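Undergrad: Kindly generate the corresponding structure for this input.
(one chain, ligands or ions: 1)
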Amino acid sequence: MSTQYQYPKLQMLINGKWRDTKDHEPVLNPAEETVIGQLPMATRQDLDDALEAAQAGFRAWRATSPAKRAEILLNGARLVRERVDEHAYAITLEQGKPLAQSKSEILRGCEIIEWDATEGRRVYGRIIPSEPGMRHTVLRQPVGIVAAFSPWNFPMSSPARKIAGALSAGCSIIIKASEETPAGAMLLAKALTDGGLPPGALNLIFGNPAEISDYLIPKPQVRLITFTGSIPVGKRLTTLAGQHMKPVIMELGGHAPVLVCEDADPVAAGTTCAIGKSRNSGQVCTAPTRFFVHDKIYREFSDAIARKANAIKEGNGLDPASDMGPLANRRRLEAMEMFVEDAAAKGAKILAGGRRIGDRGYHFPLTVLGDIPIEARAMSEEPFGPLALVHRVRSLDEAIEKANSLPFGLAGYAFTRSAATAHRLSEEVEVGNLGINHFVASVAETPFGGVKESGFGREGGTEGLECYTVTKNVSHLIE
Ligand code: NAD
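TA: Numbering: from 1, shown residues only. Take a look at the predicted model:
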């Protein structure tokens, strides 16, 4: 499979036309640190053209019937499914994850598009009964042009969430996809235009993220900002949006706690936790990270997670033998080395992994740090990498208190067979998404998003689509 495809030539999509520019930045393959493509860097003129296209695109797209909009989006998703091997190859090359994970990311992205597309036909309003002659009608209308910013960890499914949400609600969108993993979004945009998406409804740009967000967010034509990325950048964009009174959807960092309760099967939970941690090399905002394990089963659990972690093979994502790919960039590699060194100096035991593999490519193994003290930096700063931090607790109260002790609140998980414990955790763990006995934080039809500094607004489910609409009440006195 890997030799049959090539990394695509990178271009931007503005007003239905593919466009290159004069200035470029190299795109690297994280497995080998080789240059695989040249990223076009948008100029001011490109941004102005995208704004103009999105305005005309919005007028045409909102006037397109919801049924037709759904048909076009479903066409696009079908084309992505047909091209999944080609798209997966490009994503593995630019992001590093194993081909099987690239493929499942793409199929998940298709499910999101398909669900949003059909749900877009059900963005219903309400009629409110009133006195004779008066009718109050609540309309839900598309908010307008959306400016979207998607990250490097999910090159296809993250743009898919934003594009599908906006287009299903009848908005047009300008998306600046990741400069480090641009092909995932570009191939998706190509499939959607091949599926019949009219010019201007979707515009894809690349370039310097700060310059683009600083330019687009204040523009009066832009009515909603959606961003997935780090908390500091999220705060910066929210502040800028606030100065112009614009709503935002912010999907930011997390530091997911995993409460392994005393009644859980420690060996099964340990094995499942190692696999969950290895997904996308831990570079997931919902990645299980702080494992609070009850004293009674601590030993068996930590042996099991370390055993499984040692068996998970890290390597080039194009090699079918690799269970886990390299880190996506040098920043993550340096962060892992710093977190491990700091934790070990503070008394953590390295039960698996812990050191970079080789000296070419950003290869770092699945690492388990046992008996990690709360004071270790990784316990309060988001590692965003393959570190499992195992910490002993003596009661459920202690586990819940420690789980809730950080300013993050995106995903959380628990392993328990007790309905009473599960009920208490559902009530008390401060997160937007809680997974009990598994690690799937959300699916296409469920809302996904955070509390506290992990952000606000939701993607997915009916709650996600609602974020792309505004509510208008029409009071009509019939004469
Ligand atoms: P970063 O803060 O430099 O960048 C994060 C993302 O934000 C990138 O995709 C980048 O293109 C974009 N970005 C940066 N500055 C921007 C700006 N001014 N305007 C618009 N977009 C901007 O961090 P990083 O080194 O790329 O990633 C590390 C951290 O980012 C992680 O610790 C994690 O918290 C966070 N992150 C989160 C997610 C997520 O899914 N929520 C995804 C990727 C990264």
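Undergrad: and residue 276, how many residues sit next to it?
TA: A count of neighbours around residue 276, defined by other Cβ atoms under 10 Å, yields 23. All C-beta spots, glycine's among them, are computed from the backbone N, C-alpha and C.
Undergrad: How about the contacts made by it?
TA: Under the criterion of Cβ atoms under 8 Å, 6 or more residues apart in numbering, the neighbours of residue 276 are 287-288, 413, 439.
Undergrad: before we move on, what SS does residue 406 have?
TA: Three-state call for residue 406 (DSSP: H, G, I helix; E, B strand; the rest coil): coil.
Undergrad: Please apply the same query to residue 420.
TA: Here residue 420 is recorded as helix under three-state DSSP.
Undergrad: Any figure for the gap between it and residue 53?
TA: Separation of residue 420 from residue 53 (Cβ to Cβ, to the nearest Å) stands at 56 Å.
Undergrad: For those two, work out which one has more neighbours and name it.
TA: The neighbour comparison of residue 420 against residue 53 (other Cβ under 10 Å) goes to residue 53, with 23 against 8.
Undergrad: Would you confirm that that one contacts residue 199?
TA: Yes - using Cβ atoms under 8 Å, residue 53 is in contact with residue 199, at 6.6 Å.
Undergrad: Need the residues touching each of those two.
TA: Listed as contacting both residue 53 and residue 199 by Cβ under 8 Å, 6+ apart are 15-16.
Undergrad: hmm, back to that, would you list the contacts of residue 276 in TSV and tack on pLDDT, neighbour count and secondary structure?
TA: Listed next are those as TSV, based on pLDDT from 0 to 100; neighbours: other Cβ atoms under 10 Å; DSSP: H, G, I helix; E, B strand; the rest coil:
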residue	pLDDT	neighbour count	secondary structure
287	98	28	coil
288	98	26	strand
413	98	30	strand
439	96	19	coil
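Undergrad: now, which of those residues sits nearest the ligand?
TA: Proximity of the contacts of residue 276 to the ligand, judged by Cβ to the nearest ligand atom, is greatest for residue 287, which lies at 9.5 Å.
Undergrad: Run through the residues that contact the closest one.
TA: 254, 256, 276-277, 279-280, 384.
Undergrad: what do you get if the cut-off is 7 Å, keeping everything else the same?
TA: Taking Cβ atoms under 7 Å, 6 or more residues apart in numbering, we find residue 287 in contact with 256, 277.
Undergrad: gap between it and residue 220?
TA: 38 Å.
Undergrad: Please apply the same query to residue 52.
TA: Distance from residue 52 to residue 220, by Cβ to Cβ: 13 Å.
Undergrad: more neighbours, those two?
TA: residue 52 (15 against 10).
Undergrad: Look up how far residue 208 lies from the more buried one.
TA: According to Cβ to Cβ, residue 52 stands 21 Å off from residue 208.
Undergrad: cool, residue 228 as well?
TA: Counting by Cβ to Cβ - residue 228 and residue 208 are separated by 18 Å.
Undergrad: Looking at the two, which one has more neighbours?
TA: Neighbour comparison, residue 228 and residue 208: the larger count goes to residue 228, with 25 against 15 (by other Cβ under 10 Å).
Undergrad: Residues in contact with stretch 62-71: which ones?
TA: Stretch 62-71 has contacts (Cβ under 7 Å, 6+ apart) with 117-118, 120-121, 142, 167-168, 170.
Undergrad: which parts of the chain sit against the ligand?
TA: Residues of the chain lying near the ligand by Cβ under 6 Å from any ligand atom: 149, 151-153, 178-179, 209-210, 213, 228-230, 232-233, 236-237, 251-253, 285, 331, 382, 384.
Undergrad: Any of those residues buried? List them.
TA: For these, a neighbour count by 16 or more other Cβ atoms under 10 Å gives the buried set as 149, 151-153, 178-179, 209, 213, 228-229, 233, 236-237, 251-253, 285, 382, 384.
Undergrad: Tell me which of the residues you listed fall in strands.
TA: Residues of those located in strands (DSSP state E): 149, 228, 251.
Undergrad: Skipping adjacent residues, who's closest to the second one in space?
TA: It refers to residue 228. Leaving out its chain neighbours, the residue that sits closest to residue 228 by Cβ to Cβ, 6 or more residues apart in numbering is residue 251, at 4.2 Å.
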